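A.B. asks: here is my input, please return the structure:
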Amino acid sequence: MDFNFTDEQTMLRDSVGRYLSDTYTFDARMTAVNGDSGWNPGVWKAFAEELGILGAPFAEAHGGLGGGAIENMIVMEEIGKALVIEPYLQTVVIGGGFLKAAGGALADSVIPQIIDGSAVIAFAYAEPQGRYNLADLRTTAKKDGAGYVLNGHKAVVYAAPWATHFIVTARTGGSVRERSGVSVFLIPANAAGITRRDYPTVDGARASEVYFENVAVGADALIGAEGEGLSLVEQVVDEATAAVCAEGSGVVRKLHEGTLDYSRQRKQFGKAIGEFQVLQHRMVDMFMEVEQAVSMTLMATLRLDERDRAKHVSSAKNKISRGARFVGQNAVQIHGGIGISNELAIGHYFKRASMIESQFGDADYHLRRYESLMD
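C.D. replies: Numbers count the residues shown, from 1 in each chain. Prediction:
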């Protein structure tokens, strides 16, 4: 198995990293986070027009770069290093993942809009009672003539305040938690009957509680086959989980680098604290967690097209979740009180690491999932 990037993938990594290093500074990010909209549409436009990265995983026939999961991994790791809040994960990885897998007229129509930056997609799948069970759905989509009528409540929908479209999971049949009867829909965010309650998240992003009240959609809004959508949802969530692992790899790398730099500057008892052996050992342990996160993310990403995809994804996510906690907590402890201040970037990396720890399943969930798949 070849673990080396191609020349094109290396160029993608370098161009994204250089752009974010030059323009996406910590101060610029905080200006966007604290602004009314909570993001920078200009950055999203640059992603589409200057860098072309919104087309990285899409086929050339749709106007993309012809890449796939590895390209998503590369971009997401750079996003983690810069703490990017713009919705690449929700729009390109998740929205694009559903559309690529389903194909057809919907994909032909919306994928070019993702690539040119005019479409922003939010994934409305989680419900208050659902925890990590993707089949635990009370949102319903009942047949109404040729179309459907949706009713329900989706919780913590990341990027919903900026979205032009929602991808929504709903029951067209079966009972709560049953595998059959789950369907997936692509719905315009301005459709009649949709209301939102927006709020900032602890890691600087924006999310919403989204309510669907008698939202009428046509049959062409259905992604995949009616009632058979759970396998597709599981596939795309695994792809998104691998992408979050890549983001986490970038986050923990910056936590380690920032802590290492601080230990060389902070002096106590007349010498830099990085000269104390106990802290040297601690930062070596942090470095090992970073390297393991990168390696396991790459392995999971390479296995996304294989039958045992879920096992490798859960193995990686379990490791990244535990590593994010270990590196984040040690970074804050070594920095002391300023490590959790809003003025210092390290505190914001810690917050994002804490959210990644549980996003799409925490360490315990993925350990149980891994064990069940091995059985």
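
A.B. asks: can you give me the strands in the stretch 201-350 of the chain?
C.D. replies: 206-217, 222-223, 267-268, 271-272 (DSSP state E, counting those that start in this stretch).

A.B. asks: check what contacts stretch 102-113 and list those residues.
C.D. replies: Stretch 102-113 is contacted by residues 58, 62-64, 95-96, 99-100, 119, 164-165, 186, 220-221, 223-224, 232 when judged by C-beta atoms under 8 Å, 6 or more residues apart in numbering. For the C-beta atoms, the positions are set from N, CA and C on the backbone; glycine is no exception.

A.B. asks: still on that earlier bit, dump the strands of the stretch 201-350 of the chain into a markdown table; add mean pLDDT as well.
C.D. replies: Listed next are the strands of the stretch 201-350 of the chain as a markdown table, based on pLDDT from 0 to 100:
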| stretch | mean pLDDT |
| --- | --- |
| strand 206-217 | 97 |
| strand 222-223 | 96 |
| strand 267-268 | 80 |
| strand 271-272 | 84 |
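
A.B. asks: relative to Leu367, which of the ones you listed is closest?
C.D. replies: Closest of the strands of the stretch 201-350 of the chain to Leu367 is strand 206-217, at 26.5 Å (criterion: C-beta to C-beta).

A.B. asks: chain center to the closest one: distance?
C.D. replies: With C-alpha atoms, centre = their mean, to the nearest Å as the basis, strand 206-217 stands 21 Å off its chain's centre.

A.B. asks: partners of it, with directions?
C.D. replies: Partner strands for strand 206-217, per DSSP bridges, with pairing direction: strand 147-158 (antiparallel), strand 194-200 (antiparallel).

A.B. asks: hang on, the earlier thing: among the strands of the stretch 201-350 of the chain, which is nearest Met299?
C.D. replies: Each of those has some distance to Met299 by C-beta to C-beta; the shortest is strand 222-223, at 28.8 Å.

A.B. asks: which residues does that closest one contact?
C.D. replies: Strand 222-223 has contacts (C-beta under 8 Å, 6+ apart) with 98-99, 102, 106, 148, 167, 183-186, 229, 232.

A.B. asks: tell me the two of those residues that are most distant?
C.D. replies: Leu99 and Tyr148 (18.6 Å).

A.B. asks: mind putting the strands paired with strand 206-217 into JSON lines with mean neighbour count and mean pLDDT?
C.D. replies: Shown next, in JSON lines, are the strands paired with strand 206-217 (neighbours: other C-beta atoms under 10 Å; pLDDT from 0 to 100):
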{"stretch": "strand 147-158", "mean neighbour count": "20", "mean pLDDT": "97"}
{"stretch": "strand 194-200", "mean neighbour count": "14", "mean pLDDT": "97"}
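
A.B. asks: include distance to Glu257 when you put the ones you listed into TSV, please.
C.D. replies: As requested, those are exported to TSV (distance: least, C-beta to C-beta, whole Å):
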stretch	distance to Glu257
strand 147-158	26
strand 194-200	27
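
A.B. asks: quick check: which of those strands is nearest to Ser263?
C.D. replies: strand 194-200 (31.5 Å).

A.B. asks: chain center to that closest one: distance?
C.D. replies: Relative to the mean C-alpha coordinate of its chain, strand 194-200 is positioned 19 Å out (C-alpha atoms, centre = their mean).

A.B. asks: repeat that for stretch 357-364.
C.D. replies: 12 Å.

A.B. asks: CA atoms of it as PDB?
C.D. replies: Only the C-alpha atoms of stretch 357-364 are listed here, as PDB (Å, rounded to 0.1, in the frame of the first residue of the first chain):
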ATOM      1  CA  GLU A 357     -13.500  14.300  21.000                       C
ATOM      2  CA  SER A 358     -17.300  13.600  20.800                       C
ATOM      3  CA  GLN A 359     -18.200  14.600  17.300                       C
ATOM      4  CA  PHE A 360     -19.800  11.600  15.500                       C
ATOM      5  CA  GLY A 361     -19.200   9.400  18.500                       C
ATOM      6  CA  ASP A 362     -16.800   9.600  21.500                       C
ATOM      7  CA  ALA A 363     -14.000   7.200  22.300                       C
ATOM      8  CA  ASP A 364     -16.200   4.800  24.300                       C
END
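
A.B. asks: what's near enough to touch Tyr262?
C.D. replies: Taking C-beta under 8 Å, 6+ apart as the criterion, Tyr262 is in contact with 334-335, 346.

A.B. asks: swap that for Phe98, sorry
C.D. replies: Phe98 sits in contact with 167, 184, 186, 223, 232, 236, where contact means C-beta under 8 Å, 6+ apart.
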